[in-house]
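With the sequence up front, the predicted model follows.
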Amino acid sequence: MMTPPSIMCLMLLLATSAAGAVQPDRCEGDCKGVRAQVLLQTGSVGRQRFATQGSGEELKDVQRVASMSLSEESSLVEALVTEVLTTGQPLTGVQEEIIERLNESFVTETLPGLQKRHDSDQELLNVHAASFAHCDVDLETNSQRVSTLNSDQSSIESAHTECLAQEGSLQSSEKLMHEELTAYLKSIQSPSSMMPEQRAPTPAMDDFVAQNLEFFRSLSSSYDSLKEQISTVEAEVEAKTANCSEVGLEFDEKFCLWKTEVENAKSNYLNCRTEVGTLYRETLKAAHSNAEGRRADLAAVLKVQCYLRMLLDGTTQEKLQECNDAEHTSSALDIAEPQLLDLNQRVLDGLGAPGSQVQCTAAGSSDAGSLYGAYAAGAACKKDNWEQLFRFFKKKTLPLSRSDFEPVMESIEGAAIVFLIRIYTCLTKRTVPVFLVEESLIDPADAAAGNAGGKRGGVTMADATLLEPQAMGGALESLDELRPTDGAGQDAYKLFQAARSQKPVERSAPKAVAERGDAVPLNIAEVKARSLTKNVAQLRAQHHQQVVQKSRATTSLSGRKSSGGGGTDGGPSTPSLGFVGAAKPAADVMRPIVAALLQENDQVMKSLDPRKDVVVSFMELCRTHVPEAMCVRVFDGLSAQAGQLADTTVKSPAEFWRVWTLYFPALVEFSESSPVFESVVYLFKRLGSLMSEADPVLTQQLIIDVGLPSLAPLLIDSAGKREPLCELVYSYTQPSVLSRLGVLRALKESIDRLP
């Protein structure tokens, strides 16, 4: 298209025509000749209009020429040249001046504009081609991170391999010692067992006694020495096995992290090249299309320039033929395709190819079988898990053996209940009362078999109403000694089912009521009317007040009786409802702290809702009406008195729920960079640490039941808050590996349950 200056020049050229000239619409054939004659008119009307009015109103008559293209302009000038050759009339001075201006606009505006658009397309194409290098830069960065992870998992794998080798060596030593003990016992040659005939303190009897004493003394010493060595090696094997298991879990985690990072690095690099390549090809296609149009415009401009020079120099048929036959080079407008970077196969190969020795589950998968994806559901997995649990029992000298949990592994009905009772009894040294009913669910065949085999422990269903298992104690027994008789687990399960489901809802059979002769006659007083002095609203208010007071008393004294009894050593060893005792409500602890700090700001006190508790009203307004510094001071003051809150929440877990639900919204509303967020996190961490000192098991169970369901969506949506929130969760968790794994599994289950 023509630039505005060239369009203006052409409009000036057309403005020299007569008032009744042909409008410069697009036309073909004879119309071009008429238009050329208009351009050549040199009458007094044309000169007068141009001289008197210049480029004023005449320009308004030719505004439609703005839509002319270079090819149309070339056709118009060619028609003008043809008309000049036909008529032989020369151009006037005004027309020559306009043609010179038009030619100058081509040189200064049109041609540089074409070159500028070409350079812009070329630059854009080069930018997209350079984007391939950005993909390689990102790949190099990811490669360094993958290399670090690979180094970590390789070192842990080496440590795990070395640990397994040491474990195998210790197991071989243990086996050799057992064989040595067996060989020693087989090779023993006892002295003669024939006593002297004379049963008297004779020299022969003395020799007999001395030989046997020496033999048994030597046997006892050797046997004790071998047994001590075997026990030492067995302890080393157990410790090494537990260590190898922990190292193996750590290796599984590092390996899966490395494998995931490798897969992400490769996929991100290939996706980057695909997207950049698509954008580059589309840009290249558009650049070639634009270049083709610019070459056509360049040819038209050069042809018009040739015509204009010919009009100025003198028009001849030979010059016209030269302009038509002239070939113009347009290499300056050609698009130079840049060299693209090839696929960086060297770095891709350097990322490594993780194998499948560890089964890693994709993040966020709903059917993940384990926290680190290292295990799959199956018999081998369950056996390995229970084997680890058995080693833990043996390490802690708990009287629990494989025979106790094998029925649970095999999913035998009722086995889990028996196992839980046994664990509870071992850990708390308390008995679990199991109430029995006369109408049991035991089949007659089972009952007959039980009677034929004798009463187990001297207690039967008919003559027992309360079964209390003996407290567990003593050293770890052998497998044969602890193996239960057939049907023990089934009977226990049936006892529980009988106690749960055989509760009569109504009388089984109607009973006749007969009059007793010695019964005292019952005199029923006559009903008397009593006036009611209070209205219904007052009675309802009084009843509501009594219910509230009773609820508060019940909440403050809630808890199991066994949780506050003797033998707890300062706290329950299993999750309970808290200690028995009057627990001060958490609101009474927090209210004076919050009120004392808020009274320093009159504006804040005016904003509080007098109908609500000051702590609740503060939490509703802390986001919008309370200064940030004051919020931080309030939460720091609560953290300083966290000991009183911990005492209350341990004694009454319901108070922990109230504290959590009251302050948790602050974790959601404030950003991770806010000092208020940090102070709230510190308050929860301080509370968790103090609660863990008082009752670690209850504290961990509270964070699982109360905290994790609300923390799970926040951990997913807010990446910047994950690290402080994880530290918060760990402050409520016991430091052992199994406890932390349990909390992590509970967190994963909470995430899986999200919609």
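Sure thing, it's come through.

What's the mean pLDDT across the helix or strand harbouring Pro665?
If you go by DSSP states H and E, Pro665 is part of helix 653-669. For helix 653-669, the mean per-residue pLDDT is 91.

What are the buried residues along it?
Neighbour-count burial for helix 653-669, counted by 16 or more other CB atoms under 10 Å, picks out 653-660, 662-664, 666-667. C-beta here means a position set from N, CA and C on the backbone, and glycine is covered the same way.

ok, Ile593 - contacts?
By CB atoms under 8 Å, 6 or more residues apart in numbering, the contact set of Ile593 is Val634, Gly637, Leu638, Gln641.

likewise Thr202?
Neighbouring residues of Thr202 by CB under 8 Å, 6+ apart: Pro196.

how far away is it from Pro191?
Going from Thr202 to Pro191 by CB to CB, to the nearest Å gives 17 Å.

now do Ser221
Taking CB to CB, one finds Ser221 at 16 Å from Pro191.

In terms of packing, which of the two has more residues around it?
For Ser221 versus Pro191, the count of surrounding residues by other CB atoms under 10 Å is larger for Pro191: 14 against 10.

for the more buried one, phi and psi?
Dihedral pair for Pro191: phi -70, psi 170, per degrees, to the nearest 10.

and it, what pLDDT?
Per the predicted model, pLDDT is 79 at Pro191.

Nearest residue to it in space, please, no chain neighbours.
Nearest non-adjacent residue to Pro191, counting by CB to CB, 6 or more residues apart in numbering: Gln211, 4.6 Å away.

what do you get for Leu185?
Per CB to CB, 6+ apart, closest to Leu185 is Tyr223, 7.9 Å.

just Lys685 next, same as before
Once flanking residues are discounted, Lys685 sits nearest to Ser731: 4.3 Å by CB to CB, 6+ apart.

which ones are touching the one you found?
For Ser731, the contact set (CB under 8 Å, 6+ apart) comprises Phe684, Lys685, Arg686, Gly688, Ser689, Ser692.

does the residue nearest to Thr260 when sequence neighbours are not counted sit in a helix, a strand or a coil?
What sits nearest to Thr260 in space, not counting adjacent residues and going by CB to CB, 6+ apart, is Cys360, at 6.9 Å. Secondary structure, DSSP: H, G, I helix; E, B strand; the rest coil: Cys360 is coil.

Let's see which of the contacts of Ile593 end up in helices.
Under the assignment DSSP state H, these contribute Val634, Gly637, Leu638 to helices.

The second one and Tyr682, how far apart?
Think Gly637. Counting by CB to CB, the gap from Gly637 to Tyr682 is 12 Å.

rewinding a little: got a pLDDT number for the residue nearest to Lys685?
Taking Ser731 on its own, its pLDDT is 92.

Can you report how many residues neighbour Ala133?
By other CB under 10 Å, 12 other residues sit near Ala133.

how about it, what does it touch?
By CB under 8 Å, 6+ apart, the residues touching Ala133 are Leu341.

pLDDT value on it, please?
88.

And for the one 4 residues further on?
The score at Val137 is 90. That number is its pLDDT.

tell me which element it is part of?
Using DSSP H and E, Val137 sits in helix 111-186.

sorry, back to before: lowest-confidence member of the contacts of Ile593, which is it?
Gln641 (89).

Okay, the residue lying closest to that residue once chain neighbours are set aside and Trp657: tell me how far apart.
Counting by CB to CB, 6+ apart, Gln641 lies nearest to Ile593, which is 5.9 Å off, once chain neighbours are set aside. For Ile593, the distance to Trp657 (CB to CB) stands at 20 Å.

Also Gly707?
For Gly707, the distance to Trp657 - CB to CB - is 10 Å.

do the same with Asn324
95 Å.

Now, of the contacts of Ser731, which are buried?
In these, burial by neighbour count holds for Phe684, Lys685, Arg686, Gly688, Ser692, counting by 16+ other CB under 10 Å.

So the second one, which state does it fall into?
Secondary structure for Lys685, judged by three-state DSSP, is helix.

which residues sit in contact with it?
Residues in contact with Lys685 (CB under 8 Å, 6+ apart) are Glu727, Leu728, Ser731.

any low-confidence regions in the stretch 501-650 of the chain?
Where the stretch 501-650 of the chain drops to pLDDT under 70, the residues are 501-583.

change it to 50
Applying pLDDT under 50 to the stretch 501-650 of the chain picks out residues 502-509, 513, 515-520, 522, 531-536, 553-581.

picking that back up, now the element after the helix holding Val137, going C-ward?
Later in the chain than helix 111-186, the nearest helix or strand by DSSP H and E is helix 203-313.

Please work out the angle formed by the directions of that following helix and helix 111-186.
Counting by axes from the mean of the first three to the mean of the last three CA atoms, to 10 degrees, helix 203-313 lies at 170 degrees to helix 111-186.

I'd like to know which elements helix 203-313 is packed against.
Applying 3 or more CB pairs under 8 Å, 6 or more residues apart in numbering; DSSP states H and E, we find helix 203-313 packed against helix 70-87, helix 93-105, helix 111-186, helix 317-325, helix 379-395.

Need those helices in TSV (columns: distance to Leu711).
As requested, those are exported to TSV (distance: least, CB to CB, whole Å):
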stretch	distance to Leu711
helix 70-87	69
helix 93-105	72
helix 111-186	27
helix 317-325	82
helix 379-395	26
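
Tell me which of those is the most buried.
Compared across these, helix 70-87 shows the largest average neighbour count, a mean of 19 (mean count of other CB atoms under 10 Å).

What average pLDDT does that one get?
Here the average pLDDT along helix 70-87 is 72.

swap in stretch 419-428?
Here the average pLDDT along stretch 419-428 is 83.
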